[in-house]
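Novice: for reference, the sequence and a predicted model appear below.
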Amino acid sequence: MNKLGDDMVMVEKEDGGHPGMNDGHHEQEMGDGEGNWLLDDRMKRMIMDLQRHWLTDYQQSREKLLVEMTEKLHQEFLSDQQKIRTDLLTQFKDELDTTRSELEAKYRESLKVELAKQLEKHKRDLSACKKKQWCWQCESEAIYHCCWNTAYCSVECQQGHWATHRKFCRRKKAGGGAPGASGVQPQQQ
């Protein structure tokens with residue numbers, strides 16, 4: 001639309017006819033010789049009202065569509081975030097389970113190795129213990145031997161145990177007295 005004056009607007013003719021009104025009134029028309037028509041104030045107001053109405057409808061429709069698109073995009077975003085979060089949690093759980101399984105397997109292997117070492121050490125220690133004799137009185141390593149199953153770590157232990165042992169001592173029965181081979185003579189109490 002081009003404005004020619006305060007009360008006239010220039011409109012292009014589409015089909016070569018004259019613009020008309022719905023109320024049956026004829027507009028003041030003037031041709032400029034190039035297929036354009038001039039309209040009066042009434043027609044100008046109607047066109048401007050129609051334009052305002054269309055612009056208002058356009059703005060409202062546009063805002064409504066923007067709100068709907070924003071809500072849809074927000075929902076898609078939330079959905080994508082939830083999917084990503086779920087995927088990451090699943091991946092993390094799988095990795096955690098794998099790591100836990102690997103660590104448990106390594107721990108079991110290290111326990112087997114440690115158990116084998118401890119069993120071997122126990123066998124060595126047990127073998128060493130079996131080769132030694134132990135004091136009948138205090139269970140320390142014995143250095144004095146009395147008879148077939150009785151030994152002592154010191155003279156004090158031998159003398160302290162002699163009251164009980166003399167009833168069963170084989171040296172006494174065989175040799176007729178207290179043990180003398182070890183050089184330790186128990187004292188009578």
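Specialist: Sure thing, it's come through.
Novice: drop to CA atoms for contacts and neighbour counts, all remaining ones
Specialist: Fine.
Novice: can you tell me how far Thr56 is from Glu63?
Specialist: 10 Å (Cα to Cα, to the nearest Å).
Novice: now Glu141
Specialist: On the measure of Cα to Cα, Glu141 and Glu63 end up 99 Å apart.
Novice: Met46 now?
Specialist: Taking Cα to Cα as the measure, Met46 falls 25 Å from Glu63.
Novice: kindly report the same for Arg85.
Specialist: Distance, Arg85 to Glu63, using Cα to Cα: 32 Å.
Novice: do a quick rundown of the strands in the protein.
Specialist: All strands of the chain, identified by DSSP state E, fall at 2-3, 9-12, 36-39, 144-147, 150-152.
Novice: how close does Thr164 get to Leu119?
Specialist: In terms of Cα to Cα, Thr164 sits 38 Å off from Leu119.
Novice: give me the neighbour count for Arg171.
Specialist: Arg171 has 17 neighbouring residues, counting by other Cα atoms under 10 Å.
Novice: touching, it and Asn149? I think so.
Specialist: No. The pair Arg171 / Asn149 is not scored as a contact, 11.3 Å apart, by Cα atoms under 8 Å.
Novice: quick one: average pLDDT of the longest helix belonging to the chain?
Specialist: Ranked by residue count, the top helix of the chain under DSSP state H comes out as helix 41-130. Mean pLDDT, helix 41-130: 94.
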